[in-house]
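Asks: Need coordinates for the below:
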Amino acid sequence: MVFFNLLSYVLVLLGAVNWGMYGIFNFNLVSAIFAGPRTVGAIVVYCLIAAAAVWLIVSPIITNGMLKLRGDRVAKAVKET
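Replies: Next up is the predicted model:
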């Protein structure tokens with residue numbers, strides 16, 4: 001689950017940067033990479049970013065309000081004998 005949270009976080013940030021560039025400079029990075037806004041590659045990227053955003057909304061609901069971005073690293077207590 002940590003992997004999907006990190007991947008979703010990165011994809012949503014890239015989508016936000018793309019929207020910011022489009023709003024400020026009228027330049028769509030995804031369209032520039034895939035040579036058009038309605039090409040198969042661009043549509044796949046847009047769908048992945050949308051799915052990542054939905055995951056970031058649903059994931060804290062599933063895990064009782066926690067969005068884990070790190071694995072559970074619990075230090076083992078050393079037993080003194």
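
Asks: where exactly do the helices run in this protein?
Replies: With DSSP state H as the criterion, the chain has helices at 2-25, 29-34, 40-62.

Asks: what's the closest of those helices to Lys68?
Replies: The closest of these to Lys68 is helix 2-25. By Cβ to Cβ, the value is 5.3 Å. Heads up, the C-betas are built off the backbone N, CA and C, glycines and all.

Asks: tilt between the closest one and helix 40-62?
Replies: 120 degrees (axes from the mean of the first three to the mean of the last three Cα atoms, to 10 degrees).

Asks: Give me the residues contacting helix 2-25.
Replies: Residues external to helix 2-25 that are found in contact with it (Cβ atoms under 8 Å, 6 or more residues apart in numbering): 27-30, 48-49, 52-53, 55-56, 59, 67-71.

Asks: Out of the residues you listed, which end up buried?
Replies: Among the contacts of helix 2-25, those classed as buried by 16 or more other Cβ atoms under 10 Å are Asn28, Leu29, Val30, Ile49, Ala52, Trp55, Leu56, Ser59.

Asks: State the pLDDT value of the fifth one.
Replies: Reading off the per-residue confidence, Ala52 sits at a pLDDT of 96.

Asks: just Thr39 next, same as before
Replies: At Thr39, pLDDT is 95.

Asks: contacting residues for Pro60?
Replies: So Pro60 contacts Met66, Leu67 (Cβ under 8 Å, 6+ apart).

Asks: Ramachandran angles for the nearest residue to Ser31 once chain neighbours are set aside?
Replies: Nearest non-adjacent residue to Ser31, counting by Cβ to Cβ, 6 or more residues apart in numbering: Pro37, 4.3 Å away. When quoted as degrees, to the nearest 10, the phi and psi of Pro37 stand at phi -80, psi -20.

Asks: Just to check, Pro37 is in contact with Phe27?
Replies: No: the pair Pro37 / Phe27 is not scored as a contact, 11.9 Å apart, by Cβ atoms under 8 Å.

Asks: what about Ala32, distance to Tyr22?
Replies: For Ala32, the distance to Tyr22 equals 10 Å [Cβ to Cβ, to the nearest Å].
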